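>>> task: produce atomic coordinates for the following.
(chains A, B and C)
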Amino acid sequence: MTGNREIDRKRIGADFFVRDVLEVAPELPGKILVRRFSDRIVSRHLIKEVEAYRGVEDLACHASKGRTERTEIMFHKGGKIYVYLIYGMYWMLNFVTGEENIPQAVLIRGVEKFDGPGKLTRELKIDNSFYGEDLASSKRIWLEDPDETYDIIRTRRIGIEYAGEYWKNREWRFVLKDNC
DNA sequence: TCAGTGATTAGG
DNA sequence: CTAATCACTGAG
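As a prediction, this is how the structure comes out:
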């Protein structure tokens, strides 16, 4: 909590994330990602594109390799942040979802103004220090409900050629309709 | 199309 | 210790 009543009233709470990732992910495009740098500097960005990663059986999901130091947070109850570095340069921002011991996460692939998972973390200054951050209580990052509703399109996930035909073909990428 | 870049992981 | 992998980006 930030201590600011108006902000804390709008914040999306932990329960939102403690559901199956295939319920949570389609509801994320259209939500507002809030990044607070200080009392005076708070930026808000509409989420436009996300992908679901679901369980140890999903060969595209990092947790399919088992419970390691990196994937540990995915096995926790929903509402935490999972961040990892890819290609030595880009931090990927994920929200953990679901019940404890069921590893799931949603990759945030794009927000308004910052299109692309590596670009948005660079612009919003999100790095490994956000690993494990609690979206329901963090002072520097959280979600808020928007005033409007949006149409969503679902497609196949991107960049998972290694995962095999079945998992490659799951339509677990969710994008705002007017975005594509 | 393809190089850059470094943490993470499995394996010796 | 080594080496392969990698949920990406930007230049050409």
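
>>> so who does residue A:24 touch?
Shown in contact with residue A:24 (C-beta atoms under 8 Å, 6 or more residues apart in numbering): A:16-17, A:52, A:78, A:95, A:97, A:106. Any C-beta I mention is one placed from the backbone N, CA and C, and that applies to glycine too.

>>> so which residues of chain A form helices?
A:5-10, A:21-24, A:117-123, A:164-168 (DSSP state H).

>>> among the contacts of residue A:24, which are in strands?
A:52, A:95, A:106 (DSSP state E).

>>> what's the closest residue to residue A:116 other than its chain neighbours in contact with, if anything?
Distances taken as C-beta to C-beta, 6 or more residues apart in numbering place residue A:110 nearest to residue A:116, at 6.1 Å, with adjacent residues excluded. Contacts for residue A:110 (C-beta under 8 Å, 6+ apart) come out as A:47-49, A:116-117, A:120, A:175, A:179.

>>> go with 10 Å
Neighbouring residues of residue A:110 by C-beta atoms under 10 Å, 6 or more residues apart in numbering: A:29, A:45-50, A:116-117, A:119-120, A:175-176, A:179.

>>> nearest to residue A:166, of the residues you listed?
The shortest approach to residue A:166 among those belongs to residue A:50, at 20.8 Å (C-beta to C-beta).

>>> list the contacts of the lowest-mean-pLDDT helix or strand in chain A.
Among the helices and strands of chain A, helix A:5-10 carries the lowest confidence by mean pLDDT, DSSP states H and E, at a mean of 77. Outside helix A:5-10, the residues within contact range by C-beta under 10 Å, 6+ apart are A:1-2, A:4, A:32, A:34, A:36, A:42, A:137, A:139, A:142-146.

>>> return the distance of that helix from the chain's centre.
21 Å (C-alpha atoms, centre = their mean, to the nearest Å).

>>> now do stretch A:66-79
Counting by C-alpha atoms, centre = their mean, stretch A:66-79 is centred 14 Å from the centre of its parent chain.

>>> let me see the mean pLDDT of that stretch.
For stretch A:66-79, the mean pLDDT works out to 97.

>>> for that stretch, buried residues please.
A:71, A:73-76, A:78-79 (16 or more other C-beta atoms under 10 Å).

>>> okay if I get those residues as a markdown table plus distance to residue A:128?
Shown next, in a markdown table, are those (distance: C-beta to C-beta, whole Å):
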| residue | distance to residue A:128 |
| --- | --- |
| A:71 | 14 |
| A:73 | 12 |
| A:74 | 15 |
| A:75 | 18 |
| A:76 | 17 |
| A:78 | 20 |
| A:79 | 19 |
